[in-house]
Each structure stands twice: as structure tokens, then as C-alpha cells.
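Asker: take a look and give me a structure for this.
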Amino acid sequence: MTDIGSITAEIEPAIIGAQGLRGDAVDALVELGEALADADEVTEDGPIAAVYRLPEGYKTEVIDMEAWRAPLRPGPRRKSGAYTVTDVASFLAYFAKHASDTAETWVGEQQITSVLDAHGDDPRWEGHKLVLRLQHSPEWTRWVNASGKWFGQQAFAEFLEDSAADVVSPDAATMLEVAQSLQATVKADFKSSFRTSDGQRGFRYEETTTAKAGSKGELEIPEKLGLLLRVFLGQDPVTVSARFRYRLSDDGLRLGVVLDRVPELLEAARDQVVVQIADGTDRGLVLRGQPK
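Answerer: Next up is the predicted model:
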């Protein structure tokens, strides 16, 4: 094997000011170039960069030997990159395939990051990372976006129809009946509200037609809803409580829902993910925070 260190040691003394390079210096540079061109003869402990001082009038260059040699190898020397998945199953599958014995996992607010080549007793590169970016389910997003907003009767009825499959209390048939009743009385003049004998909320209204002066009726709406929603994709659904809200105004009846204990539900869902990852990984730490 050509000794690159001995070749480079011969070059600098052979450089002689502005008169240029002596013949033996040229020969040494040629020999060095030939040695560096043979990637198999350049050991891992060889120079990462070489700096040569040229005669006056020439510039000094830094040659990145590692970048030069990389395309000549059959593959990279180490794994690197950041890869993102969106469910726990994919996270665990990639972790099992690539994680080192020193891997560590960090739990943040909206994502979980595993450093697959983390430091151990000896320093590591920490350049290979796996990210689980938690994504809310469509039904959770739909209900959270509606929470706290006011709807007209028609818009609220359509929302109930679109979301009936998420409602477990009262049953879907009752919710569809509520939605249809709202649509049927959309032009009614609501006068007051009342509480029924079973604790539900009701509204008294009066409809006016051209055939008669008016027709009075009552519309009952459940005061609370029991929902079954997945907080994040890939999770089992959890029970969520929602309160009905109403407002009688000059514009007519306004209705809405408010989800209960949303921050607590989010925290519980994240904790469930952490437990799944801790149980599913057979090595590595699970830490709260964010890696560098």
C-alpha cells in the first residue's frame, strides 16, 4: 500500500518559492494523486482534507477528500437522514429495522423523535432520526373545528347528519330525527326554551303560513352528546362528551356544541402513544423533550 503520509511529507520541502516546483516535487505530487485515486488504498484513518502551500502567485485550496471518495464506494459508511411516519405501527417497524443499541426516543407536543444512532459510552454521529408526526383523525378535526361555534338551523342539521356515525348517545336514529326536525322548522319563529321531563332541552316555536294565522309546536333537542372519536390516526376511539348550546336572537335560533375536556383528552392520547412506543421498542430510552 502506498504511504500517503510519507508522500505528502516530501512535497512541502520540495517547493521553492517563485521558481516553481523541482522535478522530484512534481513526481511526489503525481504519486500522491495516483494513491488518492485508488479508493481501496485510502484507509478510514487517512486524511479527511489535505492542504498544500503552493509557490507565490498560486492560491491555497482545501480538498475535501471524503466528498471526493464517497461516490467511489459501494455505499455510505453510515446511515443518516430524517424519516417521518404518521402512525405508531410504522414507527415501530422502522425502529426495529434500523435502531442501534444506544437509540433514544424523545417525546414532544406534536411529534416523537427517535435518534437511532444516539451517543452511548462512545460518541456517535446522531445523524439518523425517525419522526412520528401525530395526525388528528378526520372526525376529531371535524368536531373540534365545530366546538364553540354558532350554527343556523340548516347548517347545524347538516352537521349532525354528516357526523351522526360519531354519536353514540343518543343513538344515530335520534340524531337524524333531530336534524330533520331542525330542517323542517327552519322558518319557524322560536319564542322560548324549556326543559323536558327527562332533562332534555326543548324550544317552543310558531310557524306562520298563508292558510292560517299560526301553528305552534315544540322541538326537543338532547342536552348532551356522547361521541366516540379517534384523537390521532391509528388509535382506538375514545368517549368524548359534548354539550349543546343554543341562543335565541333576532336572527332566529342559533345552535352549537362544545367538547368537554379537550386538553385532557389530547394529553391522554399522547400518553397512550408513548406507552405503545415504550412497549414496542426493546431498546432505547423514552425521554420528554426535543433532541438537538
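Asker: quick one: mean pLDDT over stretch 176-190.
Answerer: Summarised as a single mean, pLDDT over stretch 176-190 is 61.
Asker: and what of stretch 76-92?
Answerer: Stretch 76-92 comes out at a mean pLDDT of 91.
Asker: any low-confidence regions in this protein?
Answerer: Counting by pLDDT under 70, the ranges of the chain that qualify are 1-54, 178-220, 248-250, 252, 283-284.
Asker: longest helix in it, by residue count?
Answerer: helix 262-280 (DSSP state H).
Asker: buried residues in that one?
Answerer: For helix 262-280, burial by neighbour count (16 or more other C-beta atoms under 10 Å) applies to 265-266, 269-270, 272-273, 276-277. For every residue, glycine as well, the C-beta is placed using N, CA and C.
Asker: can you name the element that comes right after it?
Answerer: Of the helices and strands lying after helix 262-280 in sequence (DSSP states H and E), the nearest is strand 285-288.
Asker: can you give me the strands for the stretch 1-150 of the chain?
Answerer: Remark: strands assigned in the stretch 1-150 of the chain by DSSP state E, counting those that start in this stretch are 49-51, 62-64, 81-85, 104-107, 111-115, 128-133.
Asker: sorry, back to before: the longest helix of the chain vs strand 128-133, what angle?
Answerer: Interaxial angle of helix 262-280 relative to strand 128-133 (axes from the mean of the first three to the mean of the last three C-alpha atoms, to 10 degrees): 140 degrees.
Asker: which residue ranges of the stretch 51-200 of the chain form helices?
Answerer: 65-69, 88-98, 138-146, 153-163, 172-184 (DSSP state H, counting those that start in this stretch).
Asker: in CSV: the strands of the stretch 1-150 of the chain, plus mean neighbour count.
Answerer: Shown next, in CSV, are the strands of the stretch 1-150 of the chain (neighbours: other C-beta atoms under 10 Å):
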stretch, mean neighbour count
strand 49-51, 13
strand 62-64, 11
strand 81-85, 13
strand 104-107, 21
strand 111-115, 21
strand 128-133, 20
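Asker: now those strands as TSV including distance to Ala242?
Answerer: Compiled in TSV, the strands of the stretch 1-150 of the chain are given as follows (distance: least, C-beta to C-beta, whole Å):
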stretch	distance to Ala242
strand 49-51	63
strand 62-64	60
strand 81-85	31
strand 104-107	28
strand 111-115	28
strand 128-133	27
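Asker: and the lengthiest strand in the chain, which strands flank it?
Answerer: Secondary structure of the chain per DSSP state E: the longest strand is strand 238-249. Note on strand 238-249: by DSSP bridges, its sheet partners are strand 224-229 (antiparallel), strand 252-259 (antiparallel).
Asker: would you map out the domains in this protein?
Answerer: Recorded structural domains for the chain (assignment: automatic domain parsing) are 4-72, 81-136+269-288, 138-260.
Asker: ok, back up a step: of all the strands paired with strand 238-249, which one is nearest Val115?
Answerer: Within those, the stretch nearest Val115 is strand 224-229; the backing value is 32.4 Å (C-beta to C-beta).
Asker: got the buried residues for the longest strand of the chain?
Answerer: 240, 242, 244-246.
Asker: tell me which two of those residues sit farthest apart.
Answerer: Val240 and Tyr246 (20.0 Å).
Asker: could you dump the strands paired with strand 238-249 into JSON lines with distance to Gly81 added?
Answerer: Formatted as JSON lines, the strands paired with strand 238-249 follow (distance: least, C-beta to C-beta, whole Å):
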{"stretch": "strand 224-229", "distance to Gly81": "34"}
{"stretch": "strand 252-259", "distance to Gly81": "38"}
